[in-house]
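Novice: Pasting a predicted model and its sequence here:
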Amino acid sequence: MKIPHNGIQLNVIDTQIGDTALVFLHHWGGSSRTWSAVTSRLSDRFRCIAIDARGAGASDAPASGYSTADHAADALAVIQALNVSSYVLVGHSMGGKAAQVLAAKRPEGLLGLVLVASSPPSPMAIDDAQREQMRMAYADRGAIDWSLDNVLLGSAVPDDSRLQLVDDASRLSQAAKAGWIDVGTREDFSAAVANVEVPVVIVAGELDRVDPVVVVQHHIVPLYPQAKLKLLPGKGHLLPVEAPAEVASVITDFISSLGK
């Protein structure tokens, strides 16, 4: 379905059934489909809502408006448009940063926050050479394959999942590419997330080369003293695809701990 917000149409997948909703935000270069192997394991118990970020998947790609706050505002607009009254935010990588920014606003109905291989709320520690490498990461099929094998993945994934990753990365708009590289990765919300008052669980891949475990331990974990850190051995950055069963299990246990 398509949901309008600030002059654009956001593409949303909504399973519609369930008292407690899970709202999924994807990584830079992904789409709502990134979560499909996770949501297929959860949709019999929870309402699963997965959003294509602006400039990604089947959502519109405006020329501007790709700050983390823009992504967070898009997510809130979807939640409100669907009249979701009780939900958990689940954010991966770029989507994790947006989820933290939204959670810091203490929106009505938010029950908890699941950070999956999340970007920290602080700026990414990358230099100009790494930024230039990022600009070319999704330039063509060869570049996407190289990025998957040498940066994003820490373990093998099914062929159909890999093809989906390639397709999503190839569809990412130029504005969305530049928006994350030049804006999102530089923004600092470390102070703002002190306003997060809901329970948090953090999931990290042992072999993550984008947001390594040391980054998670130093730039995310200290911000949420009550949060549990779940480390997945032998997995990289794309946990929703590399370890969907494990991610679904963490989410299920987390929601149970909330009494839902």
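Specialist: Ah, there it is.
Novice: rest of the way, CA atoms for contacts and neighbours
Specialist: Fine.
Novice: Chain neighbours aside, what residue packs nearest to W180?
Specialist: Y66 (6.8 Å; Cα to Cα, 6 or more residues apart in numbering).
Novice: ditto for Y138
Specialist: I144 (4.9 Å).
Novice: which SSE is that neighbour in?
Specialist: I144 is part of helix 141-147 when elements are defined by DSSP states H and E.
Novice: mind checking how far the helix or strand just after that helix is from the chain centre?
Specialist: As assigned by DSSP H and E, the chain's next helix or strand after helix 141-147 is helix 159-171. From the chain centre to the centre of helix 159-171 is a distance of 16 Å (Cα atoms, centre = their mean, to the nearest Å).
Novice: Mind listing what's buried along stretch 135-142?
Specialist: Neighbour-count burial for stretch 135-142 flags A137, Y138 (criterion: 16 or more other Cα atoms under 10 Å).
Novice: I should have written stretch 11-31 there, sorry.
Specialist: Going by 16+ other Cα under 10 Å, stretch 11-31 has these buried residues: 11-15, 20-31.
Novice: Kindly report the same for stretch 155-167.
Specialist: S155, S161, R162, Q164, L165, V166, D167.
Novice: For this structure, which segments count as strands?
Specialist: In the chain, the strands defined using DSSP state E lie at 2-5, 8-14, 21-25, 47-51, 87-92, 110-116, 200-205, 228-232.
Novice: CSV please, covering those strands and showing mean pLDDT and distance to V38.
Specialist: Listed next are the strands of the chain as CSV, based on pLDDT from 0 to 100; distance: least, Cα to Cα, whole Å:
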stretch, mean pLDDT, distance to V38
strand 2-5, 96, 22
strand 8-14, 98, 13
strand 21-25, 98, 10
strand 47-51, 98, 10
strand 87-92, 98, 11
strand 110-116, 98, 12
strand 200-205, 98, 14
strand 228-232, 97, 15
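Novice: that older thread, in contact with the residue nearest to Y138, which residues?
Specialist: By Cα atoms under 8 Å, 6 or more residues apart in numbering, the contact list for I144 reads A137, Y138, V166, A169, S170.
Novice: again with I220
Specialist: Contacts of I220 by Cα under 8 Å, 6+ apart are P120, P121.
Novice: And it, how close does it get to V193?
Specialist: Going from I220 to V193 by Cα to Cα, to the nearest Å gives 10 Å.
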